[in-house]
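> From the sequence below, what's the structure:
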Amino acid sequence: MTQLLPPFPAPQDDPGGRTDLTLTPGGETPQLRADAARNRSRLLEVAARLAAERGAANVTMEAVACGAGVGKGTVFRRFGDRTGLLEALLDHHEKQLQAAFLTGPPPLGPDAPPVERLRAFGSAVIRREHTHSDLYLAAHAEAARRHTAPPYQLRLTHVCLLLRQARTEGDIELVAHTLLGYLDTILVDHLLTRRGMTLERVEAGWYDLVDRCTGGQSRCSTG
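Predicted structure coming up:
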């Protein structure tokens, strides 16, 4: 089951001041009125509780509305649809990950060589998504949104930056997509649950791929 999340602060009450880390689902207004922000936080708290109790796959818009004591239309207006709601739940986890790789200590954060940061980035993603696998799997059910969602775009930008710093050859964006494809939630879950691989083996595969893409062994082909 998904672990119960800490309380969701209203956007303007975020004590870290990391507005650049705030990711919102498509169509979500970044700056909400105080009452709208409180209502959104309340809905997310209810959704997180339901995910912890029932599993993310069983969280419905109707159940969230009932738990929050509002009409179902209110939930749809705030999040658009069920995928938007799950993406908002993931935003809480993503902000923690983003803070770690943007401003946290090395080797994941700055002040470490780019290849070391790439290796640490993949390991952090694999372990975080494994811990909350049912939530990530439910949110990634709609494949069409996967590569346009803000969290993926930020991950792509981060990986591209590290690849450039590592002086990686070839089409940097395509190499970055290749690397992120290895970290795909559904693929990693398949390897761990269906193929019976260990986290350590999956991580070792990530380190090998990073080495190959950055010149540690051989270059990744982009053509």
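
> Contacts for the helix or strand bottoming out on mean pLDDT in the chain next, please.
Every helix and strand in the chain was compared by mean pLDDT, DSSP states H and E; the lowest is helix 133-139, with a mean of 80. Identification of contacts with helix 133-139 by CB atoms under 8 Å, 6 or more residues apart in numbering yields 1-2, 51, 55-57, 59, 83, 86-87, 89-90, 93, 129, 185-186, 189. Every residue, glycine included, has its C-beta placed from N, CA and C.

> Put the alpha carbons of that helix into CSV.
Output in CSV follows, covering the C-alpha atoms of helix 133-139 (Å, rounded to 0.1, in the frame of the first residue of the first chain):
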residue,chain,number,x,y,z
SER,A,133,4.9,1.8,-6.6
ASP,A,134,1.1,1.6,-6.6
LEU,A,135,0.7,5.3,-6.7
TYR,A,136,3.2,5.8,-9.5
LEU,A,137,1.7,2.9,-11.5
ALA,A,138,-1.8,4.3,-11.1
ALA,A,139,-0.7,7.8,-12.1
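
> Off-centre distance for that helix?
Distance, stretch centre to chain centre, for helix 133-139: 10 Å (CA atoms, centre = their mean, to the nearest Å).

> Report the residue ranges of every domain in the protein.
Structural domains assigned to the chain are 35-80, 81-214, following the TED database.

> Dump those to CSV, plus mean neighbour count.
Converted to CSV, those look like this (neighbours: other CB atoms under 10 Å):
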stretch, mean neighbour count
domain 35-80, 17
domain 81-214, 17
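
> rewinding a little: beyond the least confident helix or strand of the chain, next helix or strand please.
As assigned by DSSP states H and E, the chain's next helix or strand after helix 133-139 is helix 150-165.

> Can you give the distance of the next helix or strand after that following helix from its chain's centre?
Note on helix 150-165: by DSSP H and E, the next helix or strand toward the C-terminus is helix 172-182. Distance, stretch centre to chain centre, for helix 172-182: 16 Å (CA atoms, centre = their mean).

> Thanks a lot, catch you later.
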